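A.B. asks: only geometry, no sequence info:
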């Protein structure tokens with residue numbers, strides 16, 4: 001069975017890979033990728049039911065944090081029903097539901113995300129200060145200065161914006177940070193390619209249970 005699963009995984013992997021280079025195999029590649037998306041969707045559905053089961057059990061057993069579990073399940077079911085009704089309706093009712101969804105997103109989700117980002121910024125700055133007190137090296141100083149410059153260049157100051165901080169923030173976020181993010185993405189791509197090749201060569205066999 002392990003040999004069979006290895007042969008199937010390698011054959012399908014090579015077929016999908018060859019579809020990028022051989023036009024005659026592009027139709028088979030598309031078919032396999034569609035199957036993969038269907039399986040991924042089925043796995044997501046199974047994950048949702050498992051999430052409901054786990055949190056439902058916490059509510060039934062009255063475990064600690066069961067209130068948050070109840071809120072999670074209520075929000076999940078409510079969002080699903082709202083999206084289903086929105087999809088099935090037409091005309092003025094559809095427009096009304098779209099406006100209601102936009103109001104919820106703009107009035108709840110976006111402010112909550114902004115609040116979390118603000119807390120993250122302050123937490124990073126506080127962490128940098130504590131890190132500087134415990135381990136005063138070059139990287140700690142660079143991290144603290146960078147966090148402070150980003151905060152001063154982004155926040156609304158009582159005495160008005162300062163072009164110097166805004167320019168430094170733009171340079172850090174659009175030049176240094178983007179370069180670092182691209183480097184991370186290149187590393188992720190190389191790691192993914194290496195993992196895929198190891199699976200195709202049967203060096204790693206996650207499909208066999210190991």
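C.D. replies: Received, thanks. Predicted model only: the values in this text are computed from it and were never measured.
A.B. asks: next SSE downstream of the longest helix belonging to the chain?
C.D. replies: Ordering each helix of the chain by length in residues (DSSP state H) puts helix 26-60 first. Next along the chain after helix 26-60, taking DSSP states H and E as the criterion, comes helix 66-88.
A.B. asks: mean confidence (pLDDT) on that following helix, please.
C.D. replies: Helix 66-88 shows a mean pLDDT of 84.
A.B. asks: contacts for that helix, please.
C.D. replies: When contacts are defined by CB atoms under 8 Å, 6 or more residues apart in numbering, helix 66-88 is touched by residues 48, 51, 52, 55, 56, 58, 59, 94, 97, 98, 101. Just so you know, the C-beta spots here come from the backbone N, C-alpha and C atoms, and that holds for glycine as well.
A.B. asks: repeat that with 10 Å
C.D. replies: For helix 66-88, contacts defined as CB atoms under 10 Å, 6 or more residues apart in numbering pick out 48, 51-52, 54-60, 63, 93-94, 96-98, 100-101, 104.
A.B. asks: which members of the residues you listed are classed as buried?
C.D. replies: Buried residues within those, counting neighbours by 16 or more other CB atoms under 10 Å: 55, 58, 59, 97.
A.B. asks: where in this protein is pLDDT low?
C.D. replies: 1, 156-162, 202, 204-210 (pLDDT under 70).
A.B. asks: any idea how far residue 36 is from the closest residue to residue 32 other than its chain neighbours?
C.D. replies: Spatial nearest neighbour of residue 32, chain neighbours left out: residue 16 (5.4 Å); criterion: CB to CB, 6 or more residues apart in numbering. Applying CB to CB, to the nearest Å, the value for residue 16 to residue 36 is 9 Å.
A.B. asks: list the buried residues for the helix or strand encompassing residue 140?
C.D. replies: Secondary structure assignment for residue 140, by DSSP H and E: helix 138-154. Buried positions in helix 138-154, judged by neighbour count with 16+ other CB under 10 Å: 140, 143, 144, 146, 147, 149, 150, 152, 153.
A.B. asks: what of stretch 114-124?
C.D. replies: So, applying 16+ other CB under 10 Å, buried residues of stretch 114-124: residue 124.
A.B. asks: measure how far it is from the centre of its chain, please.
C.D. replies: 18 Å (CA atoms, centre = their mean, to the nearest Å).
A.B. asks: check which helices and strands the helix or strand encompassing residue 194 sits against.
C.D. replies: Using DSSP H and E, residue 194 sits within helix 177-200. Judged by 3 or more CB pairs under 10 Å, 6 or more residues apart in numbering; DSSP states H and E, helix 177-200 is in contact with helix 2-18.
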